[in-house]
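S.K.: When you get a sec, could you give me coordinates for this:
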Amino acid sequence: MERFLAPMTNWRDELNRITVEFWCGVGMLEELPNIADAANIDLGEAHPDIWQFYTCTSDGQAKDLTSKVAFHLNRFVPESWEALPYAQDALKRALDNFAAHKMSVHALCRLVQDLDSTFNINLSDLPQPASLSELNEWWMGTLWDCCDWCGENRTHEDHPSLLAEARRVATMLSEIAFKRSRL
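M.R.: Numbers count the residues shown, from 1 in each chain. Below is the predicted model:
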């Protein structure tokens with residue numbers, strides 16, 4: 001069966017985006033071949049490891065693979081201010097998955113912890129981009145507080161405040177993405 005190659009405006013941006021999505025646990029394996037196709041068409045042979053995009057079968061493998069290729073081709077790492085817009089979009093996808101009961105409380109809270117550690121702690125000594133400074137509130141809302149004491153066995157029903165905050169932050173992130181698209 002022949003694969004449809006969707007037009008890709010900028011495969012480098014798409015590589016960075018999907019790298020962050022896999023880092024956040026919301027990447028989609030079926031996107032990898034299109035990125036590999038676009039990169040190879042553009043550069044001839046983009047990177048020796050990009051061929052593994054065609055045969056990648058696990059999210060863990062994709063996380064490692066996309067991180068390696070994005071760093072080598074774009075000098076991009078998901079734990080950087082450059083990754084912020086992608087992280088916001090990935091969090092929005094995770095929140096939507098959580099609200100639809102496709103993501104566990106534990107998985108969402110682990111992601112919230114990782115994002116908070118990266119953008120609120122690890123990068124705090126580096127200048128923030130203007131887009132983050134202009135926000136009226138922290139782009140993750142109070143998800144961190146809602147995740148307090150969330151163990152592996154907690155369910156959505158155990159945390160109605162987390163579900164409500166997830167929906168509120170998802171709406172806020174949609175507004176941020178809309179504003180970003182208008183720049």
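S.K.: For the rest of this, base every contact and every neighbour count on C-alpha atoms.
M.R.: Noted.
S.K.: For stretch 31-51, give the mean pLDDT please.
M.R.: Per-residue pLDDT over stretch 31-51 has a mean of 88.
S.K.: Now it: buried residues?
M.R.: Leu32, Pro33, Asn34, Ile35, Ala36, Asp37, Ala38, Ala39, Asn40, Ala46, Ile50, Trp51 (16 or more other CA atoms under 10 Å).
S.K.: Same check on stretch 83-103?
M.R.: So, applying 16+ other CA under 10 Å, buried residues of stretch 83-103: 83-99, 103.
S.K.: give me the low-pLDDT residue ranges for this protein?
M.R.: 1-9, 129, 131-137, 183 (pLDDT under 70).
S.K.: Which residue ranges of this structure form helices?
M.R.: 11-23, 32-43, 59-74, 84-99, 105-116, 130-133, 143-146, 160-181 (DSSP state H).
S.K.: Reformat these as TSV; add distance to Ser124.
M.R.: What follows is these, written out as TSV (distance: least, CA to CA, whole Å):
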stretch	distance to Ser124
helix 11-23	19
helix 32-43	32
helix 59-74	22
helix 84-99	13
helix 105-116	10
helix 130-133	12
helix 143-146	17
helix 160-181	21
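S.K.: okay, the ones you listed, which one's buried deepest?
M.R.: helix 11-23 (a mean of 23; mean count of other CA atoms under 10 Å).
S.K.: what comes into contact with it?
M.R.: The contact list for helix 11-23 (CA atoms under 8 Å, 6 or more residues apart in numbering) reads 27-28, 35, 38-39, 59-60, 62-63, 66-67, 70, 74, 76, 78, 83, 86-87, 90.
S.K.: next one: stretch 94-108
M.R.: 26, 150-156, 163, 166-167, 169-170.
S.K.: and the end-to-end length of that stretch?
M.R.: One end of stretch 94-108 sits 7 Å from the other (CA to CA, to the nearest Å).
S.K.: swap in stretch 91-109?
M.R.: Using CA to CA, the two ends of stretch 91-109 sit 11 Å apart.
S.K.: what separates it from the chain centre, distance-wise?
M.R.: 12 Å (CA atoms, centre = their mean, to the nearest Å).
S.K.: swap in stretch 16-27?
M.R.: 4 Å.
S.K.: Check stretch 23-43 too.
M.R.: The answer for stretch 23-43 is 14 Å, by CA atoms, centre = their mean.
S.K.: cool, and stretch 114-134?
M.R.: Distance, centroid of stretch 114-134 to centroid of chain: 15 Å (CA atoms, centre = their mean).
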